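**Q** only geometry, no sequence info:
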């Protein structure tokens, strides 16, 4: 086995305790939070039978009405979790939480990926230009980074809506796709699904709908990437191997490839953080553009005190973040041969 | 040996900052013949590395070559376009640096880095380039199965060999070696120097050995150039310099070399410290530390002059 494979296997095994700790933390924090979730849902004046019924549903008391000890509740919860059971929602048809998450996740993934691509393309190009040109270009990129990241998403989103949707009328104000244009579901990602099923009208509609939210999101996050890229490239450009490479007659383009690869570790760290953040739903963007993703979903369920759904979703997010870290670590090791166990 | 490969004449490379101008290389002229190893000796800050970088026109900003000529085989390097310069760098002039760890891309296999250099200059297949890379690695004493190693997997000496392999893969006529052995222990140092000497004799390669180590130069070079404060103070054959140094600085440098036979004698450092290059002393730059200072040393700069076949810049000698 190569040392890279060893690293990947070892790092993946290390994921198990990480996730276990996360799940445990979420479980106990939800328990120690003040307020009784049952009362919060049924109300203070609810009849006793209703309260007991709900407590049974939540696994807080057993069939005979005796309270189940917290530690047993915890292991019951873990047992269900490994089977992919995040519990059932407390409202609206009491559907399994995992089913509800899966309904909203594709919208979030789609927006996250497109917005992410916009942000890294803008960020890495600007950052590299700033660092390699130096002087005024460098200062301009510094200023851009600060301004872009400081933009308030609802404001810039509404400005885009005003210009492109209201005045120019070329892009829709919000939503994910035109009415009745939903493609048959394969992945839940409309762009992919309409490509797979060959529905050109769906593809155009979904692309038109995703443009404004993705650009808004991408623009703001590009500030982070241009800042990290600029700083990192600037530092690598000062290293001796750049002069050594020039002394061997390499073209500036080839040298830039060396430099970018060497500057990539901090950029990758930021990519992992930002993508994990995006996967858990860009609440502000989703709200501004009525995008039916995880952010709006979680916000809504918190307002309705849908306690099991909130807990299930938080656990789900925790696992996504842990997985994202795993992917980033494997990418580190792939890029840098010195990173090994 | 007499054919001149490189002629540097009145080269001036200055670093410009807002407040001051640092004359790192100030009116320096020297020549290197084919197949000759020239040792360029000076303290830190004497401008020797800047001189080395000037030859390939890679002085880092805010440094600038403001005057002079660098003639390689009849062509003035300073007048070439960037594209023409790139054809010379790595192909006709190779360069090796002090710290091979920081001078190799840590994320690329050494073989790939050599192949990349070869493909930059020659239109050949990747396989052929890899073949050349393997041969070059063996030439510098690295087993060719290490070709897919990363720099961090090699020892310090091996890394310097890899760096040398990268610089000589295309058989350059001139190799500029900037402190090639400073980061290595003495045993490895002597092996690397053997390697450089072999390259010189076998391929008639000219080598400019930039170092602060006069002892090393005396042992290995044909000629010596002594630099102090951005100026050349003495040029001569190793034999002449070692047996009869003319310039007071050269004398003091020689005396400061510790003698292994007399372990108990104390080191003899040169008193004082190198000149502040932002504000060098008027006249001869060495006079504040010189034991033989004359009145005119303090206001008149000595020029390089030929005295009985020797070249020195000092008022003590007059033609």
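**A** Looks like it arrived, so ask away. Note that the structure is a prediction, hence the values are computed from the model and not measured.
**Q** tell me the centre residue of the chain?
**A** The chain I'm using is chain A. residue A:279 (1.7 Å; C-alpha atoms, centre = their mean).
**Q** you answered for a different chain; I wanted chain B.
**A** In chain B, the centroid-proximal residue (C-alpha atoms, centre = their mean) is residue B:210; its distance is 2.6 Å.
**Q** torsion angles phi and psi at that residue?
**A** Main-chain torsions, residue B:210, degrees, to the nearest 10: phi -100, psi 120.
**Q** how about the contacts made by it?
**A** B:40, B:48, B:49, B:51, B:52, B:176, B:177, B:178, B:179 (C-beta atoms under 8 Å, 6 or more residues apart in numbering or on different chains). (Each C-beta comes from the backbone N, C-alpha and C, glycine too.)
**Q** in terms of contact, does the third one touch residue B:177 like I think?
**A** Put plainly, it is residue B:49. No - counting by C-beta atoms under 8 Å, residue B:49 does not reach residue B:177; the two are 11.2 Å apart.
**Q** settle it for me: which of those two has more neighbours?
**A** Taking other C-beta atoms under 10 Å in any protein chain shown, residue B:49 and residue B:177 do not tie; residue B:177 has more neighbours (27 against 21).
**Q** so that one sits right up against residue B:206, yeah?
**A** No - here residue B:177 does not reach residue B:206: they are 11.0 Å apart, not a contact under C-beta under 8 Å.
**Q** adding distance to residue B:114, write the contacts of residue B:210 out as TSV.
**A** Below are the contacts of residue B:210 laid out as TSV (distance: C-beta to C-beta, whole Å):
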residue	distance to residue B:114
B:40	26
B:48	27
B:49	24
B:51	27
B:52	22
B:176	18
B:177	18
B:178	19
B:179	22
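**Q** any idea which of the residues you listed is closest to chain A?
**A** Minimum distance to chain A across those is 8.2 Å, recorded for residue B:176 (C-beta to the nearest C-beta).
**Q** Three-state assignment for that closest one, please.
**A** strand (DSSP: H, G, I helix; E, B strand; the rest coil).
**Q** bridging residues for it?
**A** residue B:95, residue B:208 (DSSP bridges).
**Q** any idea how far the closest residue to chain A within chain B lies from residue A:72?
**A** Nearest residue of chain B to chain A, counting by C-beta to the nearest C-beta: residue B:90, 3.5 Å away. According to C-beta to C-beta, to the nearest Å, residue B:90 and residue A:72 sit 71 Å apart.
**Q** for the stretch 51-200 of chain B, what spans make up the helices?
**A** If DSSP state H, counting those that start in this stretch is used as the criterion, the helices of the stretch 51-200 of chain B fall at B:82-88, B:100-103, B:110-121, B:126-139, B:156-168, B:186-203.
**Q** okay, now the unreliable bits of chain B?
**A** Along chain B, the model assigns pLDDT under 70 to residues B:1-2, B:262-265, B:319.
**Q** now residue B:11: which helix or strand?
**A** Using DSSP states H and E, residue B:11 maps to strand B:4-16.
**Q** flag every residue of chain A that's near chain B.
**A** A:239-241, A:243-251, A:254, A:258, A:261-262, A:335-338 (C-beta under 8 Å from any C-beta of the partner chain).
**Q** and the gap between residue A:72 and chain B?
**A** 51 Å (C-beta to the nearest C-beta, to the nearest Å).
**Q** give the buried residues for the helix or strand that contains that residue.
**A** For residue A:72, the element it lies in under DSSP H and E is helix A:70-82. Judged by neighbour count (16 or more other C-beta atoms under 10 Å in any protein chain shown), helix A:70-82 contains these buried residues: A:73, A:74, A:77, A:81.
**Q** likewise for stretch B:77-88?
**A** In stretch B:77-88, counting by 16+ other C-beta under 10 Å, buried: B:77, B:78, B:80, B:85, B:86, B:88.
**Q** show me the two of those residues that sit farthest apart.
**A** The most widely separated members of those, counting by C-beta to C-beta, are B:78 and B:86 (14.8 Å).
**Q** ok, what's across the strand from residue A:61?
**A** With DSSP bridges applied, residue A:61 shows beta-bridge pairing to residue A:67.
**Q** shouldn't it be in contact with residue A:69?
**A** No - when contacts are counted by C-beta under 8 Å, residue A:61 is not listed as touching residue A:69 (11.0 Å).
**Q** so between these two, which is more surrounded?
**A** Counting neighbours by other C-beta under 10 Å for residue A:61 and for residue A:69 shows that residue A:61 has the greater number, 16 against 9.
**Q** tally of neighbours for the residue nearest to residue B:22 when sequence neighbours are not counted?
**A** Nearest residue to residue B:22, sequence neighbours excluded (C-beta to C-beta, 6 or more residues apart in numbering or on different chains): residue B:15, at 4.2 Å. Applying the criterion other C-beta under 10 Å, we find 20 residues in the vicinity of residue B:15.
**Q** same check on the one 5 residues further on?
**A** Burial of residue B:20, expressed as a neighbour count using other C-beta under 10 Å, amounts to 13.
**Q** excluding chain neighbours, what is closest to it?
**A** According to C-beta to C-beta, 6+ apart, the nearest residue to residue B:20 is residue B:278 (4.3 Å).
**Q** pretty sure that neighbour contacts residue B:23?
**A** No - assessed by C-beta under 8 Å, residue B:278 is found out of contact with residue B:23, at 9.5 Å.
**Q** look at those two and report which has more neighbours.
**A** Taking other C-beta under 10 Å, residue B:278 and residue B:23 do not tie; residue B:23 has more neighbours (21 against 12).
**Q** give me the contacts around the helix or strand encompassing the more buried one.
**A** Assigned by DSSP H and E, residue B:23 belongs to strand B:21-33. Residues outside strand B:21-33 that contact it (C-beta under 8 Å, 6+ apart): B:1-16, B:38, B:40, B:47, B:50-51, B:54, B:63, B:68, B:174, B:206, B:208, B:225, B:227, B:229-232, B:235, B:277-278, B:280, B:304.
**Q** where does residue A:17 land in three-state SS?
**A** With three-state DSSP as the basis, residue A:17 sits in helix.
**Q** what are the buried residues along the worst-scoring helix or strand of chain A on mean pLDDT?
**A** Every helix and strand of chain A was ranked by mean pLDDT, DSSP states H and E. The lowest is helix A:37-42, at a mean of 76. Buried residues in helix A:37-42, counted by 16+ other C-beta under 10 Å: A:37, A:38, A:41, A:42.
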